[in-house]
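*Asks:* this one's sequence-less:
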Ligand code: PEP
């Protein structure tokens, strides 16, 4: 079972000196998932606006990653301001090449300039029937290609209401994050399915509890697990970002809808503690 921190009055808020040192050593991220949106021209403009905004920020900015659709990677890559913003993709196939019509391999994404790839997003799990084994195979493919895998986990509303959140997250973390994963090649995004694209954001206490449990599970299972950065995703907007990003076990955000607007996305980047 997932070890969940006791939901005390300040769960996820009070952070002792050891925990603070560990948290400071984890890299912070704000990642934009554009999903199936954008045209070449609009994508280039959006990426340029984000790179310009990030460039104007202090050095302690979080790592900023944009994940456009595969067809727009080539349009976005030259707009990222000499490495100020990194390129990511939204999915990859587990195999390096072969007869997989419509799919894109991790190696192809690396050649296109990607450094990150999202795997196991709930829309892939739900709409494409991807289970934990399939997600793990994709994360392994990302590692094989030298990419950082952004492994998504999260419970459905029915699972939360049935009191099964901890059990579901434990199963997904164990099943989706490859053995040997560490801070250098893996991020984990907690994305409650009921909060994605719904405008319904998880409460700070819910996020803190889930992240503490995921952190404990990763730490117990993987030698480098406790150092893996944990992102929250699910209706993150400029007006809720600061509160969520200040939580002890939250190292960043995976942003869908608000990443399609440069001003909103940059406001979320600015809300990340330095
Ligand atoms: C997402 O798609 O990963 C996501 C978190 O979307 P949104 O921010 O729109 O809820």
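*Replies:* Thanks, I have it. None of the values given here were measured: they were computed from a predicted structure.
*Asks:* neighbours of residue 89, how many?
*Replies:* 26 (other C-beta atoms under 10 Å). Placement of C-beta: from N, CA and C, glycine included.
*Asks:* swap that for residue 259, sorry
*Replies:* There are 26 residues near residue 259, going by other C-beta under 10 Å.
*Asks:* tell me the secondary structure for it?
*Replies:* helix (DSSP: H, G, I helix; E, B strand; the rest coil).
*Asks:* quick check: it touching residue 32?
*Replies:* Yes - shown here, residue 259 and residue 32 form a contact pair, counting by C-beta atoms under 8 Å, at 2.9 Å.
*Asks:* identify the contacts common to the two.
*Replies:* Listed as contacting both residue 259 and residue 32 by C-beta atoms under 8 Å, 6 or more residues apart in numbering are 66, 265.
*Asks:* just how off-centre is the strand or helix carrying residue 188 within its chain?
*Replies:* Using DSSP states H and E, residue 188 falls within strand 186-190. Per C-alpha atoms, centre = their mean, to the nearest Å, the displacement of strand 186-190 from the mean C-alpha position of its chain is 5 Å.
*Asks:* which strands and helices sit next to it?
*Replies:* strand 29-33, strand 148-153, helix 204-221, strand 229-233 (3 or more C-beta pairs under 8 Å, 6 or more residues apart in numbering; DSSP states H and E).
*Asks:* how about a cut-off of 6 Å?
*Replies:* Helices and strands touching strand 186-190, as assessed by 3 or more C-beta pairs under 6 Å, 6 or more residues apart in numbering; DSSP states H and E, comprise strand 148-153, strand 229-233.
*Asks:* and the following helix or strand past the first one, how far out from the chain's middle?
*Replies:* Using DSSP H and E, the next helix or strand after strand 148-153 towards the C-terminus is helix 157-161. From the chain centre to the centre of helix 157-161 is a distance of 21 Å (C-alpha atoms, centre = their mean).
*Asks:* can you pull the buried residues of the helix or strand following helix 157-161?
*Replies:* As assigned by DSSP H and E, the chain's next helix or strand after helix 157-161 is helix 165-176. Buried residues in helix 165-176, counting neighbours by 16 or more other C-beta atoms under 10 Å, are found at 165, 166, 168, 169, 170, 172, 173, 176.
*Asks:* out of the helices and strands packed on strand 186-190, which is the most enclosed?
*Replies:* Counting by mean count of other C-beta atoms under 10 Å, strand 148-153 has the highest mean neighbour count of the helices and strands packed on strand 186-190, with a mean of 27.
*Asks:* is that strand anywhere near the ligand?
*Replies:* No - using C-beta under 6 Å from any ligand atom, strand 148-153 stays clear of the ligand, with a minimum separation of 7.0 Å.
*Asks:* thanks again, I'm all set now.
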